[in-house]
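# give me a model of this one.
(chains A and B)
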Amino acid sequence: MIVWKRACRSARPSTRPLSSRRCLSQRTLDGLERPVQSYISTSRDPYLNLSIEHFLLQKSAPESTILFLYINRPSIILGRNQNPWLEVNLALLNASGHDELETEPPGLGIVDLVRRRSGGGTVFHDEGNVNWTVICPSKDFTRDKHAEMVVRALRTCSVDRARVNVRHDIVLDQGEHALCTDPEDTHSTPYQLAEADAIRPLKVSGSAYKLTRQRALHHGTCLLSSPNLNIIPDYLHSPAKPYMTARGVESVSSPVGNILLTNERFIAAVQEQFAKLYGAVDDAKDVGDEWREHSPVCKGYDELKVTDLPTTI
Amino acid sequence: MSAAIAQSGVAAARALQGPARGIARCSRQQYLRLRAQQQPFRPAVRSFSAGARVWEKRYTEDHEWIDTSDPESASIGISTYAAKALGDVVYVELPTEGTEVNKGDAIGAVESVKSASDIMTPVSGTILEVNSVLEDKPGTINSSPEGDGWLAKIKISSAQELDALMDAEGYRKFTEETDKK
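Numbering: from 1, shown residues only, chains lettered A, B, ... in the order given. Presented below is the predicted three-dimensional model:
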């Protein structure tokens, strides 16, 4: 296994020790105490976005509730306890280094491989996918609460086929309009088919969770307009899997589809539903590369970079 | 347990009455002398120190337990209540042997239903041993959370910390209160 380290570089040289460097304004840090907070990332770096998410989980006021939205460049996000050798086609990740592949690799270039801190399975992120995170006090947490919030957001955008399934994921039902269901019920739609039917619903959002003593984090993907749906299965299929016995949590595969909304429309709808659920909230605050200089975020960034994940095989 | 104590008291009272009926026909002086010779009734005192192992387990509000029968090597784990709430456990992250920890530190995590849940240590000390059975059989936490599903053994550094923890009865009431909320 190859392990590599990248030291966190600041924008300008500083003689102060890393632990005392604080590049976020006092106003931003005070904002972490507000009861309801909303953030949106301007960065496409998956390491930075996951580090900011972890920083918000650890440093926000224990009674606060936070919405964080971010989009990553093409990357594969592994669950905390998964084995990359079983989940990912590692040869495709850094395809420019391999001349002997039998078929033309997808033209995505370098795809990052990142291990997140929450449980669950492997997902593919790209710029047609918006990630949403809600952090709340443990005592207010349920696994469906915020998936239901996102389904309500989708339904305000006329995506009536969306519902929360038993695995706390969001799916689009594929049947004809045949049933009479309560429009307020986010767990059923008029297009729902019986379990035994051949046409499975399309998964558009997967959920994962990280639960600490006082705080609960629920994050999920949302496939809106990914251009890569045809090649995602190639990345998320490991040719080594039949030949290996290993420990690790296995992914549960599902057929996926695009919702076909713009990122901006989805983001606005989720922010509106979040405000409806938790009361008035300030405009979403931009977070980006400047947060990388803040020492707890930088530390989390380095932790994600220094991993046991293979970068080449 | 309290019903058994009450029944033994009634039997002793009857035994005291038996001889008294036999001496009803003798003189008053003889009666008083005989009565003074009889042992007064004292109900049996049950020794709680000889009770079951459940008395040695202490619990935290975060639903961890610690078995304090041996402070040099105390087992810790999560309670049956927590194991039921978590659902099927698919992966357990264990601490490293030799790590020094403070009360409340996250020493590992358990994954169930796509959730990575932190496990906190109930006391400060040094991790001596971890339960490697959980690496291959994480479901042991569900089948025996307070027995074979122990997570780690810790050498307790500060016995006073145990006083703040709940005993089994206190924890049972705490979970009932939690369920009502």
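
# show me where chain B has its strands.
B:57-59, B:64-67, B:74-78, B:89-93, B:100-101, B:106-112, B:115-120, B:125-130, B:152-156 (DSSP state E).

# look up phi and psi at residue A:124.
Here is the backbone geometry of residue A:124 (degrees, to the nearest 10): phi -110, psi 130.

# show me the contacts for the closest residue in space to it that isn't next to it in sequence.
Distances taken as Cβ to Cβ, 6 or more residues apart in numbering or on different chains put residue A:232 closest to residue A:124, at 4.6 Å, once the chain neighbours are dropped. Every residue, glycine included, has its C-beta placed from N, CA and C. Taking Cβ atoms under 8 Å, 6 or more residues apart in numbering or on different chains, we find residue A:232 in contact with A:124, A:226, A:256.

# just to revisit the earlier point, of all the strands of chain B, which one is nearest residue A:88?
strand B:89-93 (17.8 Å; Cβ to Cβ).

# how close does residue B:166 get to residue B:179?
Going from residue B:166 to residue B:179 by Cβ to Cβ, to the nearest Å gives 16 Å.

# look at the two and report which has more neighbours.
Per other Cβ atoms under 10 Å in any protein chain shown, whichever of residue B:166 and residue B:179 has more neighbours is residue B:166, with 17 against 8.

# residue contacts, the spatially closest residue to that one that is not a sequence neighbour?
Nearest residue to residue B:166, sequence neighbours excluded (Cβ to Cβ, 6+ apart): residue B:59, at 4.7 Å. Counting by Cβ under 8 Å, 6+ apart, residue B:59 touches B:65-66, B:79, B:122, B:165-168, B:170-171, B:174.

# same question, residue A:36
Applying Cβ under 8 Å, 6+ apart, we find residue A:36 in contact with A:64-66, A:278-281.

# tell me the pLDDT of it.
Confidence at residue A:36, expressed as pLDDT, is 94.

# separation between it and chain B?
Distance of residue A:36 to chain B, computed by Cβ to the nearest Cβ, to the nearest Å: 22 Å.

# residue A:49 now?
From residue A:49 over to chain B the distance is 18 Å, taken as Cβ to the nearest Cβ.

# shaky segments in the stretch 1-150 of chain A?
The model of the stretch 1-150 of chain A has pLDDT under 70 over residues A:1-23, A:94-107.

# the strands in it, which residues?
For the stretch 1-150 of chain A, the strands defined by DSSP state E, counting those that start in this stretch cover A:36-41, A:65-70, A:75-78, A:112-115, A:123-125, A:131-137.

# now do the third one: everything it contacts.
With Cβ under 8 Å, 6+ apart as the test, strand A:75-78 has contacts from A:46, A:50, A:84, A:87-88, A:93, A:111-116, A:122-126, A:235-236, A:309.

# what packs against the helix ranked longest in chain A?
In chain A, taking DSSP state H as the definition, the longest helix is helix A:263-278. In this structure, helix A:263-278 makes packing contacts with strand A:36-41, strand A:65-70, helix A:145-156, judged by 3 or more Cβ pairs under 8 Å, 6 or more residues apart in numbering or on different chains; DSSP states H and E.

# that one to strand A:131-137, inter-axis angle?
Angle between the axes of helix A:263-278 and strand A:131-137 is 10 degrees (criterion: axes from the mean of the first three to the mean of the last three Cα atoms, to 10 degrees).

# and the next helix or strand after helix A:263-278, what's its mean pLDDT?
Scanning forward in sequence from helix A:263-278 by DSSP states H and E, the next helix or strand is strand A:285-287. The average pLDDT within strand A:285-287 is 91.
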